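Colleague: Kindly return the folded structure for what I paste below:
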Amino acid sequence: MMVLRRLLRKRWVLGVVFGLSLIYFLTSTLKQEERTIRDRTLLEVRDPDHRIPWKVRFNLGNSSRQITQCRNSIQGKTLLTDELGYVCERKDLLVNGCCNVNAPSSRQYICKSCLANGCCSIYEYCVSCCLQPDKQPLLERFLNRAAEGFQNLFTAVEDHFELCLAKCRTSSQSVQHENTYRNPQAKYCYGESPPELLPV
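Modeller: A predicted model of the protein is given here:
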C-alpha cells in the first residue's frame, strides 16, 4: 500500500498515465473521423443513375386474390385501415385483421379529410387514400427520389401497404422548425407537396 502511494506521487508515473490516456483519446477520435469520412465518401461516390432495387410490390386491385389474413394500421382508437384499403370502425374488424366489408362503416380507398396535395387530417384515411391503385406512379416517383435521403427507412418497406403506413406516418414535409406542424389539420401526407403553411 505504501509502495503504491509512493509510486503514484512520482511525476514520471503520472506522465505515463497521462500519455496513455492521451493516446487512447487520439486513436478513438481518429477512428471516428475515419468512419465519418468513409461514410461521406460512399454517399458522394454513388452513381447518380444507379437505381435502388426497391422491394415494393404494388397491389393493383386484383379482387380475385383470396386473402385469409389482413394486416391493418393497428394504432387507431376508433378507425383502422386494412391492407386492402378499407377503413372501418374498430368494432367492425374481423378476427383475421380485415375490415368487415359488409359493415356500414367500411369504405375502400376513402380520401375523406384529404386535401388535393395528399395531406389528410386522419391517419387511417391517409393510408386508405394512398393505397388507391392510381397512386402507384406518384409513390414510385417518391421512392426514386427518396433513394438518396431515406434509403435505410424506405428500403425496409416490403409492399404498397407498408409504404403507405410509413409515408403517412413519417412525413418531414409536415413540420416546420422540427417542432410545429405546417398545417395541424392536415399533417398526415402521402403526396409530393408539403402541406400549405398556415399563419400562426
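Colleague: quick one, strands of the protein?
Modeller: Ranges of strands in the chain, per DSSP state E, are 79-81, 86-89, 107-108, 119-120, 175-176, 180-181, 188-189.
Colleague: Dump those into CSV; add mean neighbour count and mean pLDDT as well.
Modeller: C-beta: built from backbone N, CA, C; applies to glycine. Formatted as CSV, these follow (neighbours: other Cβ atoms under 10 Å; pLDDT from 0 to 100):
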stretch, mean neighbour count, mean pLDDT
strand 79-81, 26, 94
strand 86-89, 24, 95
strand 107-108, 17, 94
strand 119-120, 27, 86
strand 175-176, 14, 70
strand 180-181, 12, 73
strand 188-189, 26, 86
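Colleague: Including distance to Ala166, could those go into TSV?
Modeller: Shown next, in TSV, are the strands of the chain (distance: least, Cβ to Cβ, whole Å):
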stretch	distance to Ala166
strand 79-81	13
strand 86-89	18
strand 107-108	21
strand 119-120	15
strand 175-176	16
strand 180-181	18
strand 188-189	12
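Colleague: Can you say which of the ones you listed is nearest to Val13?
Modeller: In terms of Cβ to Cβ, the element of the strands of the chain nearest to Val13 is strand 175-176, at 55.1 Å.
Colleague: partners of the closest one, with directions?
Modeller: strand 180-181 (antiparallel) (DSSP bridges).
Colleague: correct me, but Gly97 touches Asn72?
Modeller: Yes - here Gly97 reaches Asn72: they are 5.2 Å apart, a contact under Cβ atoms under 8 Å.
Colleague: which residues do those two both contact?
Modeller: Asp82 (Cβ atoms under 8 Å, 6 or more residues apart in numbering).
Colleague: Those two: which has the busier surroundings?
Modeller: Taking other Cβ atoms under 10 Å, Gly97 and Asn72 do not tie; Asn72 has more neighbours (25 against 16).
Colleague: For the more buried one, give the beta-bridge partners.
Modeller: Asp82.
Colleague: unless I'm mixing things up, it is touching Gly85, no?
Modeller: No - look at Asn72 against Gly85 with Cβ under 8 Å: they stay out of range, at 11.0 Å.
Colleague: Give me the below-cutoff pLDDT ranges for this structure.
Modeller: Along the chain, the model assigns pLDDT under 70 to residues 1, 4, 7-9, 33-67, 146-156, 170-173, 177-179, 195, 198-200.
Colleague: For it, which segments count as helices?
Modeller: Counting by DSSP state H, the chain has helices at residues 2-9, 11-45, 123-130, 136-149, 151-154, 160-169.
Colleague: now the angle from the last one to helix 136-149?
Modeller: It stands for helix 160-169. 70 degrees (axes from the mean of the first three to the mean of the last three Cα atoms, to 10 degrees).
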